[in-house]
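>>> my questions concern the predicted model and sequence given below.
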Amino acid sequence: MKTYILNAAGGSEELKMVQVAIPTPMAQELLISIKALSINPVDIKTRTGKGIYGRLKDFSPLVLGWDISGVVEAVGEGVTDFTVGDEVFGMVNFPAHGQAYAEYVVAPAAHLAKKPSNISHQEAAAACLAALTAYQILQRHVKHGDKLLVHAAAGGVGHFVVQIAKILGAYVIGTASAKNIDFVKSLGADEVIDYTQTDFTNAVQNLDFVFDTMAGETLEKSIQVVKKGGKIISIPSGIPQNIVDLGKATEVSIAFELVQSNGVNMQQIADWLATGQLKAVVSHNFAFGEMIQAHQQMETGRTKGKIVVSI
């Protein structure tokens with residue numbers, strides 16, 4: 001089968017397509033023929049030696065990728081919930097070695113859910129890491145009636161945060177550029193702030209929760225708009241000590257959280273996709289031979305919704 005290996009941490013040119021043997025599923029695993037996979041910011045960070053590269057650097061070959069949608073080709077011993085021919089999707093083995101940049105992948109059955117029949121493999125692959133990140137954080141920290149702000153609401157994680165927060169009954173405010181305001185409103189946002197024209201600290205106050213996708217100055221300024229006892233969860237990286245101290249001084253809880261593979265959570269996402277309550281927006285669909293171009297698009301930082309690669 002064809003797969004992309006990462007020769008060394010660095011630029012997108014370090015991704016090399018090679019031929020390797022098709023893997024064999026072990027107990028509680030599935031062999032999946034991948035039809036689509038999705039690209040996330042953590043793919044880029046890890047490729048450059050950041051992100052979770054430290055966890056993976058000793059694997060040889062090192063294969064990036066975690067989000068997949070495809071068809072079950074073989075079933076390992078002990079698997080009872082899936083059979084050959086099932087269409088499945090999920091975020092596999094994160095934050096370990098997912099190896100999704102391939103024509104076939106072996107994955108734990110416990111990380112997957114059956115793909116709803118009303119969506120494409122591309123949409124399913126798009127609704128994995130980003131949707132799980134949004135869901136796992138929101139269901140832990142947000143309750144009905146809470147008022148929350150999500151930064152970069154048109155992005156991969158952000159566009160799922162808007163939708164899932166509304167499903168959970170929150171009042172949702174998003175930041176976006178002018179060209180994406182209507183898009184974010186179409187997702188259900190109650191308010192959208194054009195960050196190119198308006199400082200969000202002048203537009204909102206007394207929030208229960210901020211979902212930070214930006215880190216840096218945006219994270220620091222977010223402390224100003226959260227009420228005492230409120231929370232900020234940031235997903236790009238760890239929290240600098242000075243930011244933690246600022247939060248303590250204003251009685252705002254600030255933390256970093258990392259998504260985890262979870263088939264039960266994937267099933268909830270599948271249910272929402274099946275009913276149309278949740279939609280994955282795919283803005284770019286690259287061919288498998290265009291993996292480098294897919295990475296370059298992600299590196300622009302200007303992608304609406306998700307980037308997928310079809311096989």
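Structure received.

>>> for stretch 145-153, which positions count as buried?
Of the residues in stretch 145-153, 146-153 count as buried by neighbour count, 16 or more other Cβ atoms under 10 Å. In short, each C-beta sits where N, CA and C put it, glycine included.

>>> between those, which is nearest residue 215?
residue 151 (9.5 Å; Cβ to Cβ).

>>> for that closest one, list the residues it contacts.
158, 174-175, 200, 210-214, 218, 222 (Cβ atoms under 8 Å, 6 or more residues apart in numbering).

>>> a helix runs through residue 272, doesn't it?
Yes - Residue 272: assigned to a helix according to DSSP: H, G, I helix; E, B strand; the rest coil.

>>> quick one: it and residue 118, what's the gap?
As judged by Cβ to Cβ, to the nearest Å, residue 272 and residue 118 stand 12 Å apart.

>>> in strands, which of the contacts of residue 151 fall?
174-175, 210-212 (DSSP state E).

>>> out of those residues, who has the most neighbours?
residue 174 (32 neighbours; other Cβ atoms under 10 Å).

>>> want to throw the contacts of residue 151 into TSV with pLDDT and distance to residue 75?
Below are those laid out as TSV (pLDDT from 0 to 100; distance: Cβ to Cβ, whole Å):
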residue	pLDDT	distance to residue 75
158	98	36
174	98	41
175	98	45
200	98	49
210	98	43
211	98	37
212	98	40
213	97	37
214	95	42
218	97	45
222	98	46
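
>>> of these, closest to residue 64?
residue 213 (20.5 Å).

>>> doesn't residue 291 make contact with residue 17?
Yes - here residue 17 reaches residue 291: they are 7.5 Å apart, a contact under Cβ atoms under 8 Å.

>>> more neighbours: which of residue 272 and residue 118?
Between residue 272 and residue 118, residue 272 has the larger neighbour count (other Cβ under 10 Å), namely 20 against 10.

>>> please parse this protein into its domains.
2-127+280-310, 130-256 (automatic domain parsing).

>>> residue 172: neighbour count?
Around residue 172 there are 26 residues (other Cβ under 10 Å).

>>> for residue 9, same thing?
16.

>>> same thing with residue 188?
Residue 188 has 15 nearby residues by other Cβ under 10 Å.

>>> my guess is it meets residue 162, correct?
Yes - if you go by Cβ under 8 Å, residue 188 and residue 162 touch, sitting 5.9 Å apart.

>>> okay, and the common contacts of these two?
By Cβ under 8 Å, 6+ apart, residue 188 and residue 162 have these common neighbours: residue 172.

>>> so which bits of the helix or strand in which residue 254 is found are buried?
Using DSSP states H and E, residue 254 sits in strand 253-256. Judged by neighbour count (16+ other Cβ under 10 Å), strand 253-256 contains these buried residues: 254, 256.

>>> and the contacts of that strand?
By Cβ under 8 Å, 6+ apart, strand 253-256 touches 219, 223, 229-235, 237-239, 243-244, 246-247.

>>> swap in 6 Å and give it another go.
231-234, 238-239, 243-244, 247 (Cβ atoms under 6 Å, 6 or more residues apart in numbering).

>>> could I get those as a markdown table with neighbour count and distance to residue 75?
Below are those laid out as a markdown table (neighbours: other Cβ atoms under 10 Å; distance: Cβ to Cβ, whole Å):
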| residue | neighbour count | distance to residue 75 |
| --- | --- | --- |
| 231 | 22 | 41 |
| 232 | 24 | 43 |
| 233 | 22 | 37 |
| 234 | 24 | 39 |
| 238 | 12 | 39 |
| 239 | 17 | 42 |
| 243 | 20 | 46 |
| 244 | 15 | 46 |
| 247 | 22 | 47 |
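
>>> on that earlier part again, between residue 17 and residue 291, which contacts overlap?
Joint contacts of residue 17 and residue 291 (Cβ under 6 Å, 6+ apart) are residue 4.

>>> looking at these two, which is more packed in?
Neighbour tally, residue 17 and residue 291, criterion other Cβ under 10 Å: the higher count belongs to residue 291, 22 against 14.

>>> appreciated, that's everything.
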